[in-house]
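1. fold the stuff below for me.
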Amino acid sequence: MSGKVYKVKAPLAGTFYESPSPEDPPFVEVGQKVKTGDVLCIVESMKVFTEIRTERSGTVVNILVVDEDIVKKDQELIEIEMA
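-> Below is the predicted model of the structure:
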C-alpha cells in the first residue's frame, strides 16, 4: 500500500453482510475500485438493514470481517487505499 488508507467502520453493532442476499455476489471484493457513495456492505441490527457506503474513492485493499460476523460499533470493516 503506497497511498493513504481509509478505514470503513461499523456505524452500529450488528451482523455484517457482504451481499444483499445469500444468492447475490458480494458488494465489493479485494482489488475492486470504488467511488464515493458506493455500497460496501450491510449491517443488520434488530431487523433493520443499514447500507454502509464509502466516503472515499479508491481500491479495496482489505476486508477485515467475514459474512455474518457480529460486529461492534466503530469496528473496522474494510480498508480502502485512496486514489
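2. list the beta-bridge partners for Thr15.
-> Glu44, Ile70 (DSSP bridges).
3. show me the contacts for it.
-> Neighbouring residues of Thr15 by C-beta atoms under 8 Å, 6 or more residues apart in numbering: Val43, Glu44, Ser45, Glu68, Asp69, Ile70, Val71. C-beta here means a position set from N, CA and C on the backbone, and glycine is covered the same way.
4. contact partners for the second one?
-> Read it as Glu44. Neighbours of Glu44 in contact, by C-beta under 8 Å, 6+ apart: Gly14, Thr15, Tyr17, Thr50.
5. the third one contacts Ser45, doesn't it?
-> This points to Tyr17. No - Tyr17 is beyond contact range of Ser45, at 11.4 Å (criterion: C-beta atoms under 8 Å).
6. so for these two, which sits in the more crowded spot?
-> The residue with more neighbours, out of Tyr17 and Ser45, is Tyr17; 21 against 15, by other C-beta atoms under 10 Å.
7. now the more buried one: closest residue in space, sequence neighbours ignored.
-> Ile42 (4.3 Å; C-beta to C-beta, 6 or more residues apart in numbering).
8. burial measure for the one you found, as a count.
-> Ile42 has 18 nearby residues by other C-beta under 10 Å.
9. could you do Pro22 as well?
-> Pro22: 8 neighbours (other C-beta under 10 Å).
10. now it: which helix or strand?
-> Element membership for Pro22, per DSSP states H and E: none, as it lies in no helix or strand.
11. helices and strands around the helix or strand harbouring Val61, which ones?
-> For Val61, the element it lies in under DSSP H and E is strand 58-63. Where contact means 3 or more C-beta pairs under 8 Å, 6 or more residues apart in numbering; DSSP states H and E, strand 58-63 is packed against strand 33-34, strand 76-82.
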